[in-house]
Every structure is written in structure tokens, then in C-alpha cells.
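K.L.:
Compute the structure for the input listed below.
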Amino acid sequence: MSLLAGKILVVVFSLVGLAGTIIPSLPGILLIWLAAGIFAYATEFTLITSKSLLYLTGLALLGQLLGYLFSLVGARFGGATKRGVTGALIGAVIGLIIAGPPGLFLGSFLGAVLLELSQKDLSAALRAGLGALLGAMGGVVLEFIIGLIMVFMVFTAIF
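P.N.:
Numbering: from 1, shown residues only. Model (predicted):
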């Protein structure tokens with residue numbers, strides 16, 4: 001494959017990955033990282049260096065971690081107890097498994113609400129669930145910003 005074809009592929013996959021930070025059915029940050037890694041390997045780390053790939057790996061891990069943690073912080077900010085935060089986490093995982101990425105939001109909300117209902121009234125439980133939902137949405141925004149940084153780094157390296 002020519003260098004130009006490789007550049008075109010990395011651009012396409014990076015942009016699809018960036019869209020995936022917002023569109024729930026696409027892998028997002030992981031796709032950007034994979035495109036950069038495969039291109040770096042294919043070009044013997046001449047354009048995307050191993051140091052750059054290490055930075056991209058750190059950003060990808062940070063983006064994934066913070067994306068999940070925002071839901072928990074949001075639940076806590078919404079007044080959730082440890083049970084509600086645990087519910088948000090369990091609900092996000094179950095929702096992700098059952099309904100894919102959109103289930104992350106609904107599962108986080110429902111998990112926080114259901115476990116909070118054992119200790120609080122419906123209004124307080126809904127506030128905790130709303131906090132978890134808003135936190136999950138904030139996580140998506142953060143992942144998009146990190147995805148933008150990663151795409152900028154990749155494009156700067158290859159052009």
C-alpha cells in the first residue's frame with residue numbers, strides 16, 4: 001500500500017473514531033488509537049513516532065477512564081449515596097451489555113435511581129439518577145475533546 005493510501009485510511013478512521021465519541025455505536029477513541037498505531041507500525045514509526053503513540057495511548061486510556069468516572073461523579077453531585085453510585089456503575093455496565101452504548105446512559109440513570117429508592121424517596125432518587133445521567137453525558141463531551149486532541153496529534157504527525 002502506498003503512503004498516500006495509508007494517510008487516507010488513517011484520516012478516514014480517525015474521523016470515524018471522532019464521530020464515535022458522540023455516536024454510541026462506534027468505538028470512538030479506540031478507533032483513533034488503532035488507526036494511529038497501525039499506521040505507525042506500517043510506516044516503521046517514521047511519521048507517527050513511538051513517543052507520539054505513547055502519548056496517544058495515555059490520552060486514550062485517560063479518555064476511557066474519565067468517560068466512565070464522570071457518571072459516578074455526576075451521581076454523587078446529584079446527591080447519590082454510595083449505593084446510588086454503585087447502582088450507576090452497575091447500571092451503566094448492564095445497560096452497555098444489553099443495549100450497547102445508548103444503554104450506558106439509561107443504565108446509569110436507572111441503576112442510580114433503583115438503588116437510591118431503597119434509602120430515599122422518589123424525588124431524591126430521581127435527582128441522583130439525573131446526576132448520573134448528566135455525568136455520563138459530560139463524559140461523552142470529555143471523550144470528544146480528547147478525541148479531537150488525538151486527531152489533531154495524528155494529523156499533525158502525518159501531514
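K.L.:
quick check: longest helix of this protein.
P.N.:
helix 122-158 (DSSP state H).
K.L.:
Can you tell me which helices and strands that helix packs against?
P.N.:
Helix 122-158 sits against helix 3-20, helix 29-42, helix 50-77, helix 82-99, helix 101-116, with contacts defined as 3 or more CB pairs under 8 Å, 6 or more residues apart in numbering; DSSP states H and E. Every C-beta, even on glycine, is put in place using the N, C-alpha and C of the backbone.
K.L.:
quick one: Leu89 and Ala132, what's the gap?
P.N.:
9 Å (CB to CB, to the nearest Å).
K.L.:
quick one: which of the two has more around it?
P.N.:
Between Leu89 and Ala132, Ala132 has the larger neighbour count (other CB atoms under 10 Å), namely 36 against 21.
K.L.:
quick one, what contacts the more buried one?
P.N.:
71-72, 74-75, 78, 80, 84, 88, 91, 108-109, 111-112 (CB atoms under 8 Å, 6 or more residues apart in numbering).
K.L.:
Please indicate which of these has the highest neighbour count?
P.N.:
So for the contacts of Ala132 (other CB under 10 Å), the most neighbours sit at Ala112, 39 neighbours.
K.L.:
Isn't that one up against Val85?
P.N.:
Yes: with contact defined as CB atoms under 8 Å, Ala112 reaches Val85; the gap is 7.3 Å.
K.L.:
what is in contact with these two at once?
P.N.:
Listed as contacting both Ala112 and Val85 by CB under 8 Å, 6+ apart are Ala75.
K.L.:
Could you work out the most separated pair of the contacts of Ala132?
P.N.:
Spatially, the most separated pair among the contacts of Ala132 is Gly78 and Gly91, at 13.7 Å (CB to CB).
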